Every structure is written in C-alpha cells, then in structure tokens.
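Visitor: how does the following fold in three dimensions:
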Amino acid sequence: MAKHNPLPPLARLHELLHYDPQEGVLRWRDAAPRNRGREAGSLKADGYMRVQIDGRRYYAHRIAYYMGTGIDPQHYQIDHHPDPTRTNNKLDNLRLSINTADNCATRTHKHTRTQPVVIAYADGLLLQCASQGIAARTLGLNRETIRRHLHSGTPTDMGHRLYAYPSR
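Guide: Numbers count the residues shown, from 1 in each chain. Here you go, the predicted structure:
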C-alpha cells in the first residue's frame, strides 16, 4: 500500500480550507485575498487533485475525507466509489479501503478469469478480494451465494454489499 504524507491537524485544515461534502470541492479560506474562495489544488497527470499546504503536497481526496468525517485516512487507501472519477471528491463517493486488488482479474487453477470483488461493510470500509472464492471464504459463504448477491445487488444476511471490482 502506498505511503502518504501525514495530513496536517484537522484544526489547521479548517483554518485554511472550506470543504462542502455535496459539492466535493476544497476552497481556500484564509489565503491571499485574490485566492480566497477559489478552488484549492491543481490537477496532476495521474488525474488526482493535489493541494499544497505549508510546503507539502497532499491528495485532495484524502483531505476531503478527513475534513468530511474527522477520520484521518493515514493508514488506509481511499477509493472513489461508486463513481471512479478521480476528481469527484464528494463525501458520498469516497470510501476507506483496507486492502487492494490492483491485480484485477486473476487466474484460478482452471485457467478461467475471475473478477475481483469488493465487500462494502456497514461502517463504510471496503475490502477488495482478488476473486469470488476469496470473498466467499472471507464472509464464510459459498461462491454461488457470492455470485447471486453480485448479480442481484442485494445485501448479504450480514448486511454486506458486494460489487464487482472494475477492471483497468
């Protein structure tokens, strides 16, 4: 998992920036008069917005999540879900992820491709499993049950939602 710069204290972020969770944009509060109210950050080649604060650069989605929830995402990855647009930093589009499945489709022993599965827990954390089989073992279910919930979009008996992880 990638390491990120530790975010400034929440009080410092609120002093410098305003975050509207519905709009999903960080705006400068106490900057030079000509920048006050303008969108903070700049779009980089990887498609993410980055904001410079006190000489250090931070991903805008990490700041937005911290300001919107009060939870420091220091040891987590943030997924843009359900809208994968990297500039959509609305709070309802950002989720903490406790594991990654960057290898997307993996090969099983039968040499058939299987798509990774994302398990969405009720508290908002996501667990990305490399296959339906791993998701089934993680939740203590069989693969057929996993397939049924993936296809129908209904939550499991434990209230977990399952999503097919998009291939890159």
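Visitor: bridging residues for the most centrally placed residue in the chain?
Guide: For the chain, the residue nearest the mean C-alpha position is D79 (1.8 Å; C-alpha atoms, centre = their mean). The partner list for D79 in beta bridges (DSSP bridges) reads R95.
Visitor: list the contacts for it?
Guide: Taking C-beta atoms under 8 Å, 6 or more residues apart in numbering as the contact definition, D79 lies against L94, R95, L96, S97, V118, L126, Q128. Where you see a C-beta, it was placed from the backbone N, CA and C, and this is true even at glycine.
Visitor: please apply the same query to G153.
Guide: Applying C-beta under 8 Å, 6+ apart, one finds that G153 lies in contact with R161.
Visitor: outline the domain layout of this protein.
Guide: According to the domain assignment given by automatic domain parsing, the chain is divided into the following structural domains: 10-76, 106-164.
Visitor: least confident secondary structure element in this structure?
Guide: strand 106-107 (a mean of 42; mean pLDDT, DSSP states H and E).
Visitor: which SS class is L141?
Guide: In the three-state summary, L141 is assigned as coil, counting by DSSP: H, G, I helix; E, B strand; the rest coil.
Visitor: repeat that for A64.
Guide: helix.
Visitor: all strands of this structure, in order?
Guide: Taking DSSP state E as the criterion, the chain contains strands spanning 17-20, 25-28, 42-43, 49-53, 56-59, 77-80, 94-97, 106-107, 113-114, 117-120, 126-129, 161-164.
Visitor: can you say which of the ones you listed is nearest to R34?
Guide: Put simply, out of the strands of the chain the one that sits nearest R34 is strand 25-28, at 9.9 Å, with distance taken as C-beta to C-beta.
Visitor: pull the CA atoms of that closest one into PDB?
Guide: Taking Å, rounded to 0.1, in the frame of the first residue of the first chain, the C-alpha atoms of strand 25-28 are listed here in PDB:
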ATOM      1  CA  VAL A  25     -14.500  20.800  -3.700                       C
ATOM      2  CA  LEU A  26     -11.900  22.300  -1.400                       C
ATOM      3  CA  ARG A  27     -11.800  26.100  -1.400                       C
ATOM      4  CA  TRP A  28      -9.300  28.400   0.200                       C
END
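Visitor: in it, what's buried?
Guide: When neighbours are counted by 16 or more other C-beta atoms under 10 Å, the buried residues of strand 25-28 are found to be V25, L26, R27, W28.
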